[in-house]
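Novice: Need a 3D model of the sequence below.
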Amino acid sequence: MAWFKRKEKGITTPTEDKKDTPKGLWYKTPTGKIIESEELAKNLWISPEDDYHVRIGSKEYFEILFDDNKFKELFGSITAKDPLKFVDTKKYSERLKEAKDKTNLKDAVRVAVGKSKGADLVVACMDFAFIGGSMGSVVGEKIARGIDYSIKNNIPFMMISKSGGARMMEAAYSLMQMAKTSAKLAQLADAKIPYISLCTDPTTGGTTASYAMLGDINIAEPGALIGFAGPRIVKDTTGKDLPDGFQTSEFLLEHGFLDFVVHRKQLKNRVNLYIDLVLNRPLR
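Specialist: Residues are numbered from 1 along each chain as shown. You can find the predicted model right below:
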């Protein structure tokens with residue numbers, strides 16, 4: 001059985017001499033296109049070959065929307081508690097700690113105020129990296145306080161949604177945020193302050209059933225998954241085959257659920273155009 005044994009030495013590379021490819025050097029899109037991560041960032045995290053919009057978080061959206069990436073984060077110290085002492089495969093308190101350590105975020109949404117094309121704008125942006133962008137009590141509280149800040153200072157409000165839905169570890173506390181944020185948006189409307197809602201990939205569950213679809217203007221990024229329940233659950237429930245592209249932003253636009261689908265490179269200009277039109281002020 002000698003042919004199963006390696007007789008010559010020096011054929012393999014010692015472990016200590018192996019070179020690993022640096023993590024994050026390349027990005028592969030779902031369509032199979034490969035692009036350098038640095039080049040992807042320069043292109044606003046859009047694959048130049050297939051125009052695929054890569055998922056990004058609050059850090060990247062703030063860079064896109066605020067002039068010179070200058071902004072003030074609001075309510076950044078608010079963190080979630082564990083009132084139900086929830087335990088699934090592990091304690092909720094442990095999940096929270098792991099998410100904070102992994103993402104350097106306090107929760108699944110950040111709120112900031114700054115100048116966008118020279119005018120004040122409040123932006124609340126969700127981060128999918130934090131427990132799937134799930135909507136818990138902190139998410140609802142920070143959005144509500146962001147709306148209060150907009151009303152107090154007469155500043156337009158923008159919501160960027162990216163969520164898997166309600167945070168099951170908070171049960172009813174999570175579901176209450178749907179009514180809470182919707183009530184606050186009604187107050188914003190009464191104050192005649194514009195609200196722009198941007199749906200990104202994915203926008204699902206209680207997020208879609210509340211603030212994500214209540215904008216004065218509802219917009220979405222190309223190819224985003226938007227819906228209440230996922231396609232598989234809808235198919236299993238209805239027992240019917242779904243149309244092609246079901247729950248994509250383009251499908252929703254065609255069926256009247258959205259006002260526009262906005263390319264990320266046009267996002268800053270289009271958002272400010274909508275606000276200028278709503279406020280009947282000179283276009284910037």
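Novice: All the helices of the chain, in order from the start?
Specialist: 37-42, 58-65, 92-103, 137-153, 172-190, 231-238, 249-254, 267-279 (DSSP state H).
Novice: which stretch in those helices has the least confidence?
Specialist: Mean pLDDT values for the helices of the chain show the minimum at helix 231-238, a mean of 82.
Novice: Redo the helices of the chain as JSON lines? Include mean neighbour count.
Specialist: Placement of C-beta: from N, CA and C, glycine included. Shown next, in JSON lines, are these (neighbours: other CB atoms under 10 Å):
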{"stretch": "helix 37-42", "mean neighbour count": "14"}
{"stretch": "helix 58-65", "mean neighbour count": "19"}
{"stretch": "helix 92-103", "mean neighbour count": "15"}
{"stretch": "helix 137-153", "mean neighbour count": "20"}
{"stretch": "helix 172-190", "mean neighbour count": "17"}
{"stretch": "helix 231-238", "mean neighbour count": "11"}
{"stretch": "helix 249-254", "mean neighbour count": "18"}
{"stretch": "helix 267-279", "mean neighbour count": "18"}
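Novice: got the ones you listed as a markdown table, with distance to residue 118 columns?
Specialist: Formatted as a markdown table, the helices of the chain follow (distance: least, CB to CB, whole Å):
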| stretch | distance to residue 118 |
| --- | --- |
| helix 37-42 | 24 |
| helix 58-65 | 13 |
| helix 92-103 | 32 |
| helix 137-153 | 16 |
| helix 172-190 | 22 |
| helix 231-238 | 42 |
| helix 249-254 | 29 |
| helix 267-279 | 9 |
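Novice: Residue 125: which of these is closest?
Specialist: When these are compared by CB to CB, helix 58-65 sits nearest residue 125, at 3.9 Å.
Novice: send the alpha carbons of that closest one over as CSV?
Specialist: Only the C-alpha atoms of helix 58-65 are listed here, as CSV (Å, rounded to 0.1, in the frame of the first residue of the first chain):
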residue,chain,number,x,y,z
SER,A,58,-26.3,53.1,8.8
LYS,A,59,-22.6,54.1,8.5
GLU,A,60,-22.7,53.9,4.7
TYR,A,61,-26.1,55.5,4.3
PHE,A,62,-25.0,58.4,6.5
GLU,A,63,-22.0,58.8,4.3
ILE,A,64,-24.2,59.0,1.2
LEU,A,65,-26.8,61.3,2.6
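Novice: so it versus helix 267-279, what angle?
Specialist: Following axes from the mean of the first three to the mean of the last three CA atoms, to 10 degrees, one obtains 70 degrees for the angle between helix 58-65 and helix 267-279.
Novice: any idea how far residue 122 is from the residue positioned nearest the centre of the chain?
Specialist: Nearest to the geometric centre of the chain sits residue 162, at 2.9 Å (CA atoms, centre = their mean). To residue 122, residue 162 is 17 Å away according to CB to CB, to the nearest Å.
Novice: now residue 164
Specialist: 24 Å.
Novice: who's more crowded, these two?
Specialist: In this view residue 164 and residue 122 are compared by other CB atoms under 10 Å, and residue 122 has more residues nearby, 24 against 20.
Novice: I figured that one hits residue 146, correct?
Specialist: Yes - counting by CB atoms under 8 Å, residue 122 touches residue 146, with 5.6 Å between them.
Novice: Which neighbours do those two have in common?
Specialist: Shared contacts of residue 122 and residue 146 (CB atoms under 8 Å, 6 or more residues apart in numbering): 74, 111, 157.
Novice: Of those, which is the nearest to residue 34?
Specialist: Set against residue 34, the nearest of these by CB to CB is residue 111 (35.3 Å).
Novice: Which residue, other than its chain neighbours, is closest to that closest one?
Specialist: Here the nearest residue to residue 111 in space, its sequence neighbours aside, is residue 146; by CB to CB, 6 or more residues apart in numbering that works out to 4.1 Å.
Novice: Pretty sure residue 73 is one of the things that neighbour touches, is it not?
Specialist: No - counting by CB under 8 Å, residue 146 stays clear of residue 73, with 10.7 Å between them.
Novice: Which neighbours do the two have in common?
Specialist: Contacts common to residue 146 and residue 73, judged by CB under 8 Å, 6+ apart, are residue 111.
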